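no sequence on hand, only this structure:
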């Protein structure tokens, strides 16, 4: 049988898309990577060219801005499985969209105080292009200093210090906790319990500050007998439920500074025979999966965890590109959304 040569059509290149749209290849790459640095009119021209040429991007093309697919690390030391699940899934998806690879480093197995030298030793063996730090690692100044000396580009999550030598993505926890407390007060609650998160997490202190700021605005004194220390876990909320309900004058509502602890409070209160929310209203923070999985479903602040993770990956992609000007990037997400569900009502 004679060999028959078959001429396969050559795939459309990113260069041809750029020529069709009348833009640079870098601009096409940014549109493909869904970065927010392109004007809407330009984005539409590029998308029209992609459709007209039936262009199908590949991993190499999508990493054009950096010259290669990047290895991005995400390190965490965080006890909240709900928060971590949302963060990791979103970061992984964004890396896949951009043609990068995500390396997840769990540092929770380090006993006692964080050994920053051990962390650095672990990370240096991976040869990362960039690193995302979840709280409380993101505000560990010793660790940040060591990573700077190593030359690893870092994006710190939930870190609002714009004077930092590292890029950051943050959410306005103070304003969000303030709005949630305002809602509780508007419902008629005056005796409101508050469950703090771990003190090493900057968000714990910020959420407490927002809570106390709202009380002060309405002339409600902070009752220390209703302030409790948790650790962002379901178990800590479960254990604190009895302590809170055994106080001389129990609260009519509880604001837990994350959903895991709020779910624990709900479970503990219902074990005691209390009806939620008619006898005790409970609200949380984050709007992770557990908020809608328990009953009554949890009223909570929707923290944009997915958006924060996506922004962090985008920033790493930008600050490790050949066109980066050396300026650190800081993104603060100010939009606040409170999701009202069945766990909140007016007090009796």
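Happy to help now that I have it. Note that the structure is predicted; figures quoted are calculated from it, not measured.

does the residue nearest to residue 20 when sequence neighbours are not counted sit in a helix or strand, and which one?
Distance criterion Cβ to Cβ, 6 or more residues apart in numbering; nearest residue to residue 20, sequence neighbours excluded, is residue 49 at 3.9 Å. Quick note: C-beta positions are derived from backbone N, CA and C, even for glycine. For residue 49, the host element (DSSP states H and E) is helix 40-53.

next one: that helix to chain centre, how far?
With Cα atoms, centre = their mean, to the nearest Å as the basis, helix 40-53 stands 31 Å off its chain's centre.

I'd like the mean pLDDT over it, please.
Averaging pLDDT along helix 40-53 yields 88.

from the contact counts, what lies against it?
Helix 40-53 is packed against helix 14-21, helix 25-32, with contacts defined by 3 or more Cβ pairs under 8 Å, 6 or more residues apart in numbering; DSSP states H and E.

how is this structure carved up into domains?
14-62, 70-172+304-333, 173-302 (automatic domain parsing).

looking at those, which is nearest to residue 347?
domain 173-302 (3.9 Å; Cβ to Cβ).

so which of the helices and strands packed on helix 40-53 gets nearest residue 238?
When the helices and strands packed on helix 40-53 are compared by Cβ to Cβ, helix 25-32 sits nearest residue 238, at 46.7 Å.

in space, what's closest to residue 276 - neighbours in sequence excluded?
In space, residue 276 is closest to residue 296, 5.2 Å off (Cβ to Cβ, 6+ apart).

any idea how far the one you found is from residue 24?
54 Å (Cβ to Cβ, to the nearest Å).

okay, the two: which has more neighbours?
Applying other Cβ atoms under 10 Å to residue 296 and residue 24 shows that residue 296 carries more neighbours, namely 18 against 11.

residues in contact with the more buried one?
With contact taken as Cβ atoms under 8 Å, 6 or more residues apart in numbering, residue 296 is in contact with 266, 276, 277, 341, 342, 343.

just the buried ones from those residues?
266, 276, 277, 341, 343 (16 or more other Cβ atoms under 10 Å).

of all those residues, which comes closest to residue 241?
residue 266 (8.1 Å).

how many neighbours does the closest residue to residue 153 other than its chain neighbours have?
Nearest residue to residue 153 in three dimensions, chain neighbours excluded: residue 130, at 4.3 Å (Cβ to Cβ, 6+ apart). Residue 130 has 24 neighbours, counted by other Cβ under 10 Å.

cool, and residue 348?
Residue 348, neighbours per other Cβ under 10 Å, totals 7.

same thing with residue 321?
Residue 321, neighbours per other Cβ under 10 Å, totals 17.

and for residue 200?
Residue 200, neighbours per other Cβ under 10 Å, totals 15.

tell me which helix or strand comes right after the lengthiest helix in the chain.
Ranked by residue count, the top helix of the chain under DSSP state H comes out as helix 81-98. Next helix or strand after helix 81-98 toward the C-terminus (DSSP H and E): strand 101-106.

quick one: mean pLDDT over that next one.
For strand 101-106, the per-residue pLDDT averages 90.

what is the orientation angle of that strand with helix 81-98?
160 degrees (axes from the mean of the first three to the mean of the last three Cα atoms, to 10 degrees).

and strand 101-106, which residues are buried?
102, 105.

now the element after that strand, going C-ward?
Remark: after strand 101-106, the chain's next helix or strand is helix 116-124, criterion DSSP H and E.

pLDDT score for the residue nearest to residue 43 when sequence neighbours are not counted?
Among residues not flanking residue 43 along the chain, residue 31 sits closest, at 5.4 Å (Cβ to Cβ, 6+ apart). Looking at residue 31, its pLDDT is 83.

so what's the nearest residue to residue 260 once chain neighbours are set aside up against?
Once flanking residues are discounted, residue 260 sits nearest to residue 234: 4.7 Å by Cβ to Cβ, 6+ apart. Residues near residue 234 by Cβ under 8 Å, 6+ apart: 260, 261, 263, 264, 267, 290.

please apply the same query to residue 214.
By Cβ under 8 Å, 6+ apart, the neighbours of residue 214 are 177, 178, 179, 181, 182, 185.
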